[in-house]
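Asks: All I have is the shape, not the residue letters:
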């Protein structure tokens, strides 16, 4: 058994433009989008008919028929049918966690290459039958005699025709993600203006990335969409300031402008060992060097639902003998502008760092000019499972463009429902 | 003894009617239980505390007490928030206090406070008083019922520069005005802590934050260096192993003092006159203490008391001169006996007993002498020339003895009760009684336990830095202010 870890190369990634809920992808299923995105990656790297180590991907909102979503997508793609696949589901951490899984297998020598990805649709969302109706139907299925079947059928009621629609709420608190973030914003004293500034910067950076052609090899048009539908190049703090609060009550600071919209989309990333990359003559953009997942008790202890990345980061930094300020690029998933700002404030706060993180000194602040330099989720949109892949691919490309004479490192932070957070570190391949 | 108006106001219909016609709104003050056995440990404070400091961010002088306050709040396991200020957050982190962040923009219902604690020691000029305004402005309307506002300052006499002395003195006006603005039974205090006495704040801050100080408001408390080493003690039973003498312990405020000192762990020696022996013994037996029947005006009373304390307990730790009487008459109608008896019991006896105990070395190190003064002694009451004289004399008693006692490691302080619901006040004519009850910041009379809790705070081993204080227990009464 191989006990030494190998370096994991990120060779590239692609995604389809992200669409708003009930937009151009309204009739596309998760499998349609994931298959198309897989094929885009396969085509770009000439992997048609290849047997890869594995494909790991997933979606947050899934139909029960999608129990083998990723495998079915592989079977429908141009990859060899012998490529194994499995589904991953970790709320908004899905895409990055899938990357971690593939990377770890490559590092251990269990596989030589793999694809990580994620997809989500909020348009083609699963709608389940009413829970009461489901119980009656299951009982009917168990019943043997016609007489008792008739008796069971008498339990049917008109209101059982009402479907069960999935809700964007935490099962243990009943609060939506936005409501939870509004609590965090209150707790950390995050104001409206700084949230709107972050949102405007996200749109501005992403628009610039598209305009300069930087996004060309990261995005593959799909169903007539060439850019992220949510992107507003003319967004500004002044325009955002006009929006009414949607979370945190009438005096709340969170609006549709500084919160991510429900979106549809998919992303994929190609990872491999250095040997495999060399053998296939594919340049290495960056190395995926470490990752850390954390969870917080937002139910019983007074921790914010989306604060887990704040806990994951210092563990990863300590293991790598790194400081928060050491990175050249920071990718913090903008689920809500307030989430990013709470996280940054917590890392700079002496009390949080001492009492919650157990550190001797605050992690400190970061250079905001290095944050989400090619746009973030507020501009692009956030199809839950697809965000991790979007970020890994973009960061790998950005790292590959840094000064080749000196090492460059990037870090990723993604918050997720259920009090989860995933962080990861990457470094430029020219180091 | 019952305050029927307060009961009426605290019914839904009564509240509606009295509020509509603009009558006072006394709310039910939170208090500790005192009758043993007390099953559960009583929390010092039941809601969030906002801790702030002037001078933390770009101020004129660095705050001196915020660190001590943070450590105390940590020790009492309080839920603390601070404004988002680097120096303040660092002080909290150094105290290992997991403090939340106060967001002045947050809706009031999301962040309310049981107490606001503000370290004003960083205010070195009148311009910088603005920092006090900035702290209280967004927070003052978030104070919960039975809440607390506590300002920490440096005694003006200890400020080297006149501008700082002036600014620190100005805090008294702020604190008193806040006390009058606060609603729903919330109180306000100013605590002046001498330089290098930062370590002596804990017993006072615990007292002021807790329901024990329910009827204490608008006060200025001075804390200095410890008179003696406090030794180790348990904050939940600070008087364990201590012996406390309480004069006039058979009933009323004296019995309440005995109860509170016993609750805090002391062995209480109750003293009262022979005709009260039955009531006295029932109080002390219930409290697991002992009693001594004596008339404190007798010539040999001081010696009898000293003999008893030395013989039975090898000394005493806490002496509470509570015994007192009234013999009300306007001065022109007052007899010699009425005058002399009140002075003898209320003022001369405490001096004689104290002298005797000190002469025979009966008061142990880190001991406590507590007098009972009165609003009447501060403001003067018509018909009470004798009583007012005696109670003003108790203030003199504290001030005269404090320096000498400090050298022996003993503190001396007095409580000055305002309108307290007792048999004495129940016998007042209704108009005078209602005026006395309502003319204070909490629109109600106090209870004997309120006086007793204040005595208990003076008596604690941790109060070694509290000496020479006269603390009114009056709900910030308008009389004598």
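Replies: Yep, it's here. Remember, it's a predicted structure, so these values are computed and weren't measured experimentally.
Asks: who's in contact with residue B:102?
Replies: A:189, B:50, B:81-84, B:111, B:139 (C-beta atoms under 8 Å, 6 or more residues apart in numbering or on different chains). Any C-beta I mention is one placed from the backbone N, CA and C, and that applies to glycine too.
Asks: cutoff 10 Å now
Replies: A:186-187, A:189, B:48, B:50-52, B:80-85, B:88, B:111, B:113, B:116, B:135, B:138-139, B:142 (C-beta atoms under 10 Å, 6 or more residues apart in numbering or on different chains).
Asks: now residue B:95
Replies: Contacts of residue B:95 (C-beta under 10 Å, 6+ apart): A:351, A:354-355, B:51, B:66-75, B:80.
Asks: Neighbours of residue B:17, how many?
Replies: Residue B:17 has 13 neighbouring residues, counting by other C-beta atoms under 10 Å in any protein chain shown.
Asks: Do I have it right that it meets residue B:8?
Replies: Yes. Look at residue B:17 against residue B:8 with C-beta atoms under 10 Å: they come within range, at 8.5 Å.
Asks: Now the common contact residues for those two.
Replies: residue B:23.
Asks: what about the residue lying closest to residue B:214 once chain neighbours are set aside, which helix or strand?
Replies: What sits nearest to residue B:214 in space, not counting adjacent residues and going by C-beta to C-beta, 6 or more residues apart in numbering or on different chains, is residue B:29, at 4.2 Å. Under the criterion DSSP states H and E, no helix or strand holds residue B:29.
Asks: on that earlier part again, can you say which of the contacts of residue B:95 are buried?
Replies: Among the contacts of residue B:95, those classed as buried by 16 or more other C-beta atoms under 10 Å in any protein chain shown are A:351, A:354-355, B:51, B:66-74, B:80.
Asks: picking that back up, could you list which of the contacts of residue B:102 belong to strands?
Replies: B:50-52, B:80-83, B:113, B:116 (DSSP state E).
Asks: Name the member of those residues with the most neighbours.
Replies: residue B:51 leads the ones in strands among the contacts of residue B:102 on contacts (other C-beta under 10 Å) with 28 neighbours.
Asks: Look up how far residue B:97 lies from that residue.
Replies: For residue B:51, the distance to residue B:97 equals 8 Å [C-beta to C-beta, to the nearest Å].
Asks: overlap in contacts of these two?
Replies: B:69-70, B:73, B:78, B:80, B:82, B:91.
Asks: out of those, who's near chain A?
Replies: B:70, B:80, B:82, B:91 (C-beta under 10 Å from any C-beta of the partner chain).
Asks: With adjacent residues omitted, what lies nearest to the closest residue to chain B within the stretch 201-350 of chain A?
Replies: Nearest residue of the stretch 201-350 of chain A to chain B: residue A:350, at 3.7 Å (C-beta to the nearest C-beta). In space, and not counting its chain neighbours, residue A:350 is closest to residue B:93: 3.7 Å by C-beta to C-beta, 6+ apart.
Asks: okay, now the one you found: neighbour count?
Replies: Around residue B:93 there are 23 residues (other C-beta under 10 Å).
Asks: what's the answer for the one 3 residues further on, then?
Replies: Neighbour count of residue B:96, defined by other C-beta under 10 Å: 12.
Asks: if you go through the chain in chain order, where are the strands?
Replies: No chain in the question, so chain A it is. Using DSSP E, strands in chain A cover A:8-15, A:19-20, A:54-57, A:85-87, A:113-120, A:245-247, A:254-255, A:263-273, A:286-295, A:329-332, A:409-416, A:420-428.
Asks: not quite, I wanted chain B
Replies: Listed in chain order (using DSSP E), the strands of chain B are B:49-53, B:80-83, B:100-102, B:113-119, B:143-153, B:187-193, B:219-223, B:243-247, B:267-272, B:290-293, B:316-321, B:363-372, B:411-417, B:470-473.
Asks: pLDDT on stretch A:309-324, on average?
Replies: Mean pLDDT, computed over stretch A:309-324, is 97.
Asks: Repeat that for stretch A:215-230.
Replies: On average, stretch A:215-230 scores 96.
Asks: re earlier: could you single out the nearest of the ones in strands among the contacts of residue B:102 to residue A:337?
Replies: residue B:83 (22.0 Å; C-beta to C-beta).
Asks: Make sure that closest one is actually in contact with residue B:91.
Replies: No. Using C-beta under 10 Å, residue B:83 is not in contact with residue B:91, being 11.9 Å away.
Asks: so how many other residues sit close to residue A:42?
Replies: If we define neighbours as other C-beta under 10 Å, then residue A:42 has 21 of them.
Asks: doesn't residue A:76 make contact with it?
Replies: No. Contact between residue A:42 and residue A:76 fails when scored by C-beta under 10 Å: they sit 11.6 Å apart.
Asks: In stretch A:317-333, which residues are buried?
Replies: A:317, A:322, A:324, A:327-333.
Asks: any chance of those residues in CSV, with distance to chain B too?
Replies: Shown next, in CSV, are these (distance: C-beta to the nearest C-beta, whole Å):
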residue, distance to chain B
A:317, 18
A:322, 22
A:324, 16
A:327, 23
A:328, 26
A:329, 27
A:330, 22
A:331, 25
A:332, 19
A:333, 22
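Asks: okay, residue 351: pLDDT?
Replies: I went with chain A, as the question did not name one. The model's pLDDT for residue A:351 equals 95.
Asks: look at chain B instead
Replies: 98.
Asks: what do you get for residue B:29?
Replies: pLDDT at residue B:29 comes out at 89.
Asks: same check, this time on residue A:166
Replies: pLDDT, read off for residue A:166, is 64.
Asks: give me the number of residues near residue B:420?
Replies: Residue B:420 has 25 nearby residues by other C-beta under 10 Å.
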